[in-house]
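J.: Give me a 3D structure for the following:
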Amino acid sequence: MFSALKRLTSKGDAPGGSARPGHQAMAHSLQKKFSRGVQYNMKIIIKGDQNVGKTCLFHRLQGHSFMEDYIPTEEIQVELIEHGSEV
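T.: Okay, the predicted model is just below:
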């Protein structure tokens with residue numbers, strides 16, 4: 001994805017390049033930074049009726065296996081989830 005972005009931005013740098021109106025080339029320092037990946041911090045709220053699987057979804061987002069047994073959850077759960085992939 002970023003290689004395509006790099007190709008698009010580098011076209012505007014060359015004299016006589018086909019830069020789109022209103023677009024500027026990305027600075028080289030930003031290109032270098034984005035080439036290593038972008039990390040996101042997100043806050044996710046899971047809200048729903050009883051017995052619909054909110055806690056199971058919460059565990060799956062953490063990378064745990066699906067829980068077959070029903071165990072009622074009475075509290076609010078807060079967790080930092082380290083996600084291995086980068087966008």
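J.: quick one: least confident helix or strand in this protein?
T.: helix 2-11 (a mean of 59; mean pLDDT, DSSP states H and E).
J.: which residues of the chain fall in helices?
T.: Secondary structure of the chain (DSSP state H): helices at 2-11, 28-35, 54-61.
J.: Just the mean pLDDT for the last one, thanks.
T.: Right, helix 54-61. Taken as a whole, helix 54-61 carries a mean pLDDT of 87.
J.: List of residues touching it?
T.: The contact list for helix 54-61 (Cβ atoms under 8 Å, 6 or more residues apart in numbering) reads 44, 46, 47, 48, 65, 66, 67, 71, 73, 77, 79, 81. All C-beta spots, glycine's among them, are computed from the backbone N, C-alpha and C.
J.: Can you get me a residue count around the fifth one?
T.: Counted with other Cβ atoms under 10 Å, the neighbours of residue 65 add up to 8.
J.: what about it, distance to residue 44?
T.: As judged by Cβ to Cβ, to the nearest Å, residue 65 and residue 44 stand 19 Å apart.
J.: same question, the last one
T.: In this view, residue 81 and residue 44 are 9 Å apart by Cβ to Cβ.
J.: Then residue 29?
T.: 32 Å.
J.: what's the answer for residue 78, then?
T.: Residue 78 is 11 Å from residue 44, by Cβ to Cβ.
J.: Looking at these two, which has the bigger crowd around it?
T.: Higher neighbour count among residue 78 and residue 44: residue 44, with 9 against 6, using other Cβ under 10 Å.
J.: Once you drop chain neighbours, what's closest to residue 72?
T.: Excluding the flanking residues, the one nearest residue 72 by Cβ to Cβ, 6 or more residues apart in numbering is residue 50, at 8.0 Å.
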